[in-house]
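A.B. asks: Generate a structure from the sequence data that follows.
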Amino acid sequence: MIRRLCCLQSATPSVPVSSPSITKKKPLVFLGAPQVSTIVLDALLNASASPHSTFEVAAVVTQPAARRARGKKLSLSPLATHALDRGFSSDLIFTPERAGDDTFLSNLKALHPHLCITAAYGNILPTKFLDIPSFGTVNIHPSLLPLYRGAAPVQRALQDGVKETGVSLAFTVRALDAGPIIATETVEVDDQIKAPDLLELLFHKGSKLLIGELPSILDGSAIVKAQSQDHSKATLAPKINPDESWLSFDQEASVLHNKVRAFSGWPGTRARVLVIEKNGQQKTLEIKIITTQVRSHVSAQFDEADDVAFVDGALVFPCGRGTALEVLEVQLPGKKAVNAAAFWNGLRGQKLKKL
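C.D. replies: Purely as a prediction, here's the structure:
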């Protein structure tokens with residue numbers, strides 16, 4: 001079943017959206033959902049507003065409204081909200097449950113799109129969808145394909161501790177992220193950058209690739225020059241399961257640090273620690289680990305092997321193979337994130353041990 005948004009438009013639209021029936025510009029359809037998708041939509045709307053532009057964004061396709069907040073109220077996807085803020089007509093924002101819904105496909109065909117563009121849409125595109133746009137569908141994928149095909153390329157790359165990644169602009173085929181590559185850009189990965197920041201950076205760069213390549217895509221030359229992927233070198237980036245968020249301090253500190261960066265934002269990383277009160281009583285405490293770094297040297301600062309020390313403003317956890325992890329920010333359930341010093345002071349002399 002296809003649903004269209006029934007929302008008021010912004011009182012002061014910044015980018016007017018014309019109907020494809022009264023313009024000679026080539027109609028494009030953009031598909032996305034999360035906040036990073038708005039980066040690409042902005043790039044397309046801004047470029048289409050140029051007097052020399054040969055295309056327009058004829059429609060936006062996104063995920064249906066969902067219960068996202070604690071209050072369980074239905075909320076539009078970040079892309080839908082942003083499109084409305086940019087002055088996009090609510091009649092041209094589609095929210096199908098599935099991209100293969102017949103009613104949705106009928107509406108899509110009526111737009112006669114030259115091209116469909118996806119950026120973190122999160123929905124499988126069937127063949128009957130891919131057959132509609134004249135010049136195909138292209139996807140902005142935040143990895144250097146064929147590496148990290150799948151739902152969580154940035155998170156899995158950071159989890160693996162890569163020093164280099166990038167973004168790919170590729171044609172969409174039925175196989176997962178396996179289409180011919182139009183263009184790529186490589187990015188060096190800082191060992192402190194977290195997944196949300198890297199994802200945003202890659203979609204900014206992917207947007208520039210897209211705008212630069214649109215002329216060749218729309219004149220048909222891009223499909224000729226596009227390079228087939230070497231499928232033998234493909235690696236997968238499966239969706240993250242919340243159960244993966246637990247940290248085990250038996251692993252090396254670098255492995256844990258990479259996991260904290262990778263899972264930053266969602267689902268985050270958690271650990272259980274043991275608090276020993278002054279009277280000897282013990283209690284288990286669950287904490288969310290927000291920010292870490294690998295300690296460059298490990299001195300004899302632990303009275304026992306499982307002790308957690310407070311050194312130079314950080315909680316220092318002994319880890320596998322004689323390594324140590326500095327925890328700089330933590331969060332208790334239902335509380336705000338605090339730095340390690342505030343957390344340590346809150347213990348009031350109680351001992352802390354890893355579990």
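
A.B. asks: Need phi/psi at the residue nearest to P78 when sequence neighbours are not counted.
C.D. replies: What sits nearest to P78 in space, not counting adjacent residues and going by CB to CB, 6 or more residues apart in numbering, is Q35, at 4.4 Å. (C-beta placed from N, C-alpha, C; glycine too.) Backbone torsions for Q35, taken as degrees, to the nearest 10, come to phi -60, psi -40.

A.B. asks: Quickly note the distance from Q35 to R67.
C.D. replies: Taken as CB to CB, to the nearest Å, the spacing of Q35 relative to R67 amounts to 18 Å.

A.B. asks: Mind pulling the model confidence for the residue nearest to P78?
C.D. replies: pLDDT for Q35: 97.

A.B. asks: One more: the one 3 residues further on?
C.D. replies: pLDDT for T38: 98.

A.B. asks: which residues of this protein fall in helices?
C.D. replies: Taking DSSP state H to define them, one finds helices in the chain at 35-48, 78-85, 102-110, 127-130, 153-159, 195-218, 221-225, 253-262, 340-346.

A.B. asks: Export the ones you listed as CSV, with columns for distance to R174.
C.D. replies: CSV is the format used below for the helices of the chain (distance: least, CB to CB, whole Å):
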stretch, distance to R174
helix 35-48, 22
helix 78-85, 24
helix 102-110, 16
helix 127-130, 6
helix 153-159, 19
helix 195-218, 19
helix 221-225, 16
helix 253-262, 29
helix 340-346, 49
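
A.B. asks: Out of the ones you listed, the one nearest H141 is which?
C.D. replies: Across the helices of the chain, H141 has its closest neighbour in helix 153-159 (6.7 Å, CB to CB).

A.B. asks: Show me what the closest one is packed up against.
C.D. replies: Contacts defined by 3 or more CB pairs under 8 Å, 6 or more residues apart in numbering; DSSP states H and E place helix 153-159 against strand 164-171, helix 195-218, helix 253-262.

A.B. asks: what's the first-to-last distance across stretch 117-137?
C.D. replies: Length of stretch 117-137, first residue to last, CA to CA, to the nearest Å: 6 Å.

A.B. asks: if we can go back for a sec, of Q35 and R67, who's got more company?
C.D. replies: More crowded of Q35 and R67, by other CB atoms under 10 Å: Q35, with 17 against 10.

A.B. asks: related to what we said a few turns ago, so which of the helices and strands packed on helix 153-159 comes closest to S77?
C.D. replies: helix 195-218 (15.4 Å).

A.B. asks: Show me which helix or strand of the protein is least confident by mean pLDDT.
C.D. replies: strand 66-67 (a mean of 84; mean pLDDT, DSSP states H and E).

A.B. asks: So what are the sheet partners of it and their directions?
C.D. replies: Counting by DSSP bridges, the strands paired with strand 66-67 are strand 74-75 (antiparallel).

A.B. asks: what comes up buried for the longest strand seen in the chain?
C.D. replies: Of all the segments assigned as strand in the chain under DSSP state E, the longest by residue count is strand 282-294. When neighbours are counted by 16 or more other CB atoms under 10 Å, the buried residues of strand 282-294 are found to be I287, K288, I289, I290, T291, T292, Q293, V294.

A.B. asks: so where's the stretch 151-300 of the chain shaky on pLDDT?
C.D. replies: Across the stretch 151-300 of the chain, residues meeting the criterion (pLDDT under 70) sit at 298-300.

A.B. asks: Likewise for the stretch 1-150 of the chain?
C.D. replies: Where the stretch 1-150 of the chain drops into low confidence, which here means pLDDT under 70, it does so at 1-23, 68-71.

A.B. asks: Distance check, the closest residue in space to Q227 that isn't next to it in sequence against R67.
C.D. replies: Residue nearest to Q227 in three dimensions, not counting chain neighbours: I181, with 5.0 Å by CB to CB, 6+ apart. Using CB to CB, one gets 37 Å for the distance from I181 to R67.

A.B. asks: N107 now?
C.D. replies: Look at N107 and R67: by CB to CB, they are 25 Å apart.

A.B. asks: now do L236
C.D. replies: Spatial separation of L236 from R67 under the definition CB to CB is 30 Å.

A.B. asks: and if you look at K288?
C.D. replies: 23 Å.

A.B. asks: try K208
C.D. replies: 35 Å.

A.B. asks: List the contacts of the spatially closest residue to L158 that is not a sequence neighbour.
C.D. replies: With CB to CB, 6+ apart as the criterion, L158 has its nearest non-adjacent residue at 3.9 Å, and that residue is A262. Each residue near A262 by CB atoms under 8 Å, 6 or more residues apart in numbering is listed here: V154, Q155, R156, A157, L158, Q159, A195.

A.B. asks: got TSV for these, with distance to V60 too?
C.D. replies: Output for those, formatted as TSV (distance: CB to CB, whole Å):
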residue	distance to V60
V154	23
Q155	26
R156	28
A157	28
L158	29
Q159	32
A195	25
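
A.B. asks: Closest one of those residues to L145?
C.D. replies: Lowest distance from L145 to the contacts of A262 (CB to CB) belongs to A157, with 12.1 Å.

A.B. asks: Now for P242, how many residues are close by?
C.D. replies: Neighbouring residues of P242 were enumerated by other CB under 10 Å; the total is 11.
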